[in-house]
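S.K.: Model the structure of this input:
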Amino acid sequence: MMDDQGEQARVGSAAQGLDADRARLIGSIYDVVLRPESFDDFMEDWSAYVDRAARQLGEPRVTEGQAAVTLDDPLIEVHFRRAMALFERMGRGEAEDGDTTGSTPVLLRLRRGGSVQVLAAQALDYFGATPSWCSIREALDPDSALRLDGFLAAFERAPASGRFVVLSLAEGAQGPDGNLPGGGLVSVTTARDPSGDGFVADMRALAIGWGPALPAILAESFRLTPRETDLVRELTLGGDLQTIAGRSGRSMNTLKAQLKSVFAKTRTGSQMELMRLVAVLVLHGPGNEGQSDAGQQSPLETRVDLGDGRVMPVHLFGPEDGLPVIFLHGMLEGLGVTRRLGPGLAATGIRLIAPVRPNFGPAPADPRIREAPEQVARDVCGVLKALGIERALLMGHMAGAVYAYAAAARMGSRALGIVNVAGCVPVRSVEQFAAMTARQRAVAYTARFAPAFLPAILRAGIAQIDSADADRFMTSLYTPGSPDRAMIEDRDVGAAIIDGYRFTVAQGLQAFRTDAWHVTRDWSALVAQSSCPVLLIHGSRDSVITPDSVRAFAAQSARFSLVEDPEQGQLVFYARPESVLGRAARFARAQLAAGP
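M.R.: From the prediction side, this is the model:
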């Protein structure tokens, strides 16, 4: 089936008919084009498919000589290409934040048989303290209640995804608490159950998103007072002034006076015009004020002319006279970890120099894939020359490890050494893929054995990152109960990582596609091109690059040393910034003391 000449091997599953699993996968890829929030469902279907297909390859060695081995399914590939064309035709639009625009969070999840699951605290405002099918109907206007009955009856008879209905909340106070927002709209959409088999009906509020940037815009641009701004927010929830008076405790006379003032300041003549203005501000104004590229968090940014028409952004952290460390960022979260390094850099005296690699953030685009490590190595040397740095330590984070070895090879004796934190290692066997979590493994298998399918999968992931569901993209990568999952539940860490995702996909899928090609291959030859000492810092509970694979890699040469953190996983740098930087500083200064 496979030979050392790299002849293409095909695992064709399209020869006979269309089985149920493949039919479901085809439906999933089109579903995710229309609904980015269904990315998890799609990846579950794709993971099952690619796992089965990869097993049919047997136990191939993952070497460059086997690069032509692919999984092949012409029918599925046709549909993936069509989905990719649809993605490109639709464009990306603006990246969304969960508090501002785009797909709003699910309020309630209705299951067949009548169970109701509350997924957002806002649902309690709409449907009372203990939402039920009965309280939901009572909160709707009579026509909407009848339409919901018909919708759910059809759902019970023939469950399927993609059904959609818009319902109106009743005017005036509703429910046992008498504080439900009246006159607003909710939608109900059927989808596959994310927690198991079958289907569910998800209910969302259809309201203008209200993010933390909006009050500042209204105050600065239109001179609205805090009370007037609160009134505008209440209006976005739906309902008339009487409804708002009931739930806010303010008198009708006060609200009328405030609304008249709002109309005058915003030059609008009706509630409809005011809501149109707010919607435009949400659509075209700034997003969440806390949301920015991970690459924009540094205290100083410079740009280095590389002499070939390209200008590389370089971020500088830590004391100006500190020990120079070239930081080569990872594939997914970009420069996100740099947000947590300030105190550690000051304490250890490290000057962190972080070039933005091609295709990431605002860096120049570069379509080359195979040549990327060598190109980055040349760029690093250009940065050192521009900054007047003679010798430096190289630090690779996650996928940045590949580029650290490439830069060390080009720098020669100018490289003090390499410190790789949660760094990837050459992949020599599919066993290294098999040990990964399901989501990570599916992407790795795709990048290595099914590259024709990768663009559509990456584009679907980008759509979820761009949407209000970026946090779901993040949480799906880490197993519940793991130290990494606990780490991302830290609000600051989660925000930094999500900003890093947006930094990675700012120009599209090329950055991820390039790195995915390299990290899923055996790049041992690149490691052999340098001779400097290497320190590997790794979490013993890393589920992506497993400790066993790192130990085996470190045992190959006396120039490697390995330090494991038994309590941490892939996000060890986020969890232990001072410890990691301290080890790196001691390692580098020891090399300096030893001389060239």
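S.K.: isn't there a helix covering residue 441?
M.R.: Yes. Following the definition DSSP: H, G, I helix; E, B strand; the rest coil, residue 441 is counted among the residues of a helix.
S.K.: Just give the closest residue to it, not the sequence neighbours.
M.R.: Taking Cβ to Cβ, 6 or more residues apart in numbering as the measure, residue 441 lies nearest to residue 433, with 5.4 Å between them; neighbours along the chain are not counted. Heads up, the C-betas are built off the backbone N, CA and C, glycines and all.
S.K.: same check, this time on residue 313
M.R.: Distances taken as Cβ to Cβ, 6+ apart put residue 356 closest to residue 313, at 4.4 Å, once the chain neighbours are dropped.
S.K.: got the phi/psi numbers for that neighbour?
M.R.: Backbone torsions of residue 356, given as degrees, to the nearest 10, read phi -90, psi 120.
S.K.: how near is the residue nearest to residue 441 to residue 479?
M.R.: Summarising the geometry, the distance separating residue 433 from residue 479, computed by Cβ to Cβ, to the nearest Å, is 16 Å.
S.K.: which residues of the stretch 1-150 of the chain fall in helices?
M.R.: All helices of the stretch 1-150 of the chain, identified by DSSP state H, counting those that start in this stretch, fall at 20-34, 39-55, 74-90, 122-127, 133-139, 142-157.
S.K.: Neighbours of the residue nearest to residue 441, how many?
M.R.: For residue 433, the count of nearby residues is 21 (other Cβ atoms under 10 Å).
S.K.: thought it was touching residue 446?
M.R.: No. Counting by Cβ atoms under 8 Å, residue 433 sits too far from residue 446 to count as a contact (10.5 Å).
S.K.: roughly how far apart are the nearest residue to residue 566 once chain neighbours are set aside and residue 318?
M.R.: The shortest distance from residue 566 to any residue that is not its chain neighbour, by Cβ to Cβ, 6+ apart, is 4.6 Å, and that residue is residue 540. Summarising the geometry, the distance separating residue 540 from residue 318, computed by Cβ to Cβ, is 28 Å.
S.K.: okay, the two: which has more neighbours?
M.R.: residue 318 (26 against 16).
S.K.: Just the pLDDT for that one.
M.R.: pLDDT, the model's per-residue confidence, is 91 for residue 318.
S.K.: And stretch 574-594, how far out from the chain middle?
M.R.: Averaged C-alpha coordinates place stretch 574-594 at 29 Å from its chain's average position (Cα atoms, centre = their mean, to the nearest Å).
S.K.: How about that stretch, which residues are buried there?
M.R.: Residues of stretch 574-594 classed as buried: 574-577, 579-581, 583-585, 587-588, 591 (neighbour count, 16 or more other Cβ atoms under 10 Å).
S.K.: Quickly list the domain ranges of this structure.
M.R.: Following automatic domain parsing, the chain resolves into domains at 1-91+438-476, 106-206, 213-284, 294-436+510-594.
S.K.: Mind checking those domains for the one nearest to residue 493?
M.R.: Set against residue 493 and scored by Cβ to Cβ, these come closest in domain 294-436+510-594, at 5.3 Å.
S.K.: Please report the distance of the nearest residue to residue 336 once chain neighbours are set aside from residue 333.
M.R.: Beyond its immediate neighbours in the sequence, the residue positioned closest to residue 336 (Cβ to Cβ, 6+ apart) is residue 500, lying 3.3 Å away. Here residue 500 is placed at a distance of 3 Å from residue 333 (Cβ to Cβ).
S.K.: before we move on, back to that, might you report the residue contacts of the residue nearest to residue 441?
M.R.: The contact partners of residue 433, taken as Cβ atoms under 8 Å, 6 or more residues apart in numbering, are 54, 427, 441, 444-445, 448, 520.
S.K.: Then residue 325?
M.R.: With contacts defined as Cβ under 8 Å, 6+ apart, the neighbours of residue 325 are 350-353, 392-395, 419, 584, 588.
S.K.: change it to 6 Å
M.R.: Going by Cβ atoms under 6 Å, 6 or more residues apart in numbering, residue 325 touches 350, 352, 393, 395.
S.K.: mind checking the SS state of it?
M.R.: Following three-state DSSP, we place residue 325 in the strand state.
S.K.: Specify the beta-bridge partners of it.
M.R.: For residue 325, the beta-bridge assignment (DSSP bridges) gives partners residue 352, residue 393.
S.K.: Could you check how far it is from residue 304?
M.R.: According to Cβ to Cβ, residue 325 stands 17 Å off from residue 304.
S.K.: what residue ranges in the stretch 51-200 of the chain score low on pLDDT?
M.R.: For the stretch 51-200 of the chain, the stretches with pLDDT under 70 are 57-70, 90-104, 161, 171-184, 195-197.
S.K.: same thing but at 80, please
M.R.: Along the stretch 51-200 of the chain, the parts satisfying pLDDT under 80 run over 54-72, 88-105, 112-114, 118-123, 125-126, 128-129, 155-164, 166, 168-185, 192-199.
S.K.: go on, the stretch 201-350 of the chain?
M.R.: For the stretch 201-350 of the chain, residues meeting the criterion pLDDT under 80 lie at 205-217, 219-221, 236-240, 243, 246-249, 272-273, 276, 279-300.
S.K.: show me where it has helices.
M.R.: Using DSSP H, counting those that start in this stretch, helices in the stretch 201-350 of the chain cover 213-222, 226-236, 241-248, 252-266, 271-284, 342-348.
S.K.: just so I know, which of the ones you listed lies nearest residue 72?
M.R.: helix 271-284 (42.8 Å).
S.K.: Remind me what that closest one packs against, helices and strands.
M.R.: With contacts defined as 3 or more Cβ pairs under 6 Å, 6 or more residues apart in numbering; DSSP states H and E, there are no secondary structure elements packing on helix 271-284.
S.K.: leaving aside the residues next to it on the chain, what's closest to residue 434?
M.R.: In this structure, residue 434 finds its nearest non-sequential neighbour in residue 441, 6.9 Å apart by Cβ to Cβ, 6+ apart.
S.K.: burial count for that neighbour?
M.R.: Residues contacting residue 441 under the criterion other Cβ under 10 Å number 21.
S.K.: Check what pLDDT it gets.
M.R.: 88.
S.K.: same thing with the one 3 residues further on?
M.R.: Here, the pLDDT recorded for residue 444 equals 88.
S.K.: In this model residue 519 seems to touch it, though I could be wrong.
M.R.: No. In this structure residue 444 lies outside contact range of residue 519 using Cβ atoms under 6 Å: 7.9 Å.
S.K.: Now do stretch 185-202: everything it contacts.
M.R.: Here stretch 185-202 makes contact (Cβ under 6 Å, 6+ apart) with 40-41, 106, 109-111, 155, 159, 161, 163-168, 203-206.
S.K.: could you flag which of those are buried?
M.R.: By the neighbour-count criterion of 16+ other Cβ under 10 Å, the contacts of stretch 185-202 include these buried positions: 40-41, 106, 109-111, 155, 159, 161, 163, 165, 167-168, 203-205.
S.K.: now, the most widely separated pair of the residues you listed?
M.R.: The largest separation in the buried ones among the contacts of stretch 185-202, counting by Cβ to Cβ, is between 40 and 168 at 30.0 Å.
S.K.: Can you tell me the SS state at the residue nearest to residue 441?
M.R.: Put simply, residue 433 is helix when judged by three-state DSSP.
S.K.: For residue 24, which residues are in contact?
M.R.: With contact taken as Cβ under 6 Å, 6+ apart, residue 24 is in contact with residue 45.
S.K.: Most remote residue from the middle of the chain, which is it?
M.R.: Among the C-alpha atoms of the chain, the one most distant from their mean position (Cα atoms, centre = their mean) is that of residue 253, at 46.9 Å.
S.K.: Contacts only, for that one.
M.R.: Contact analysis of residue 253 by Cβ under 6 Å, 6+ apart lists nothing.
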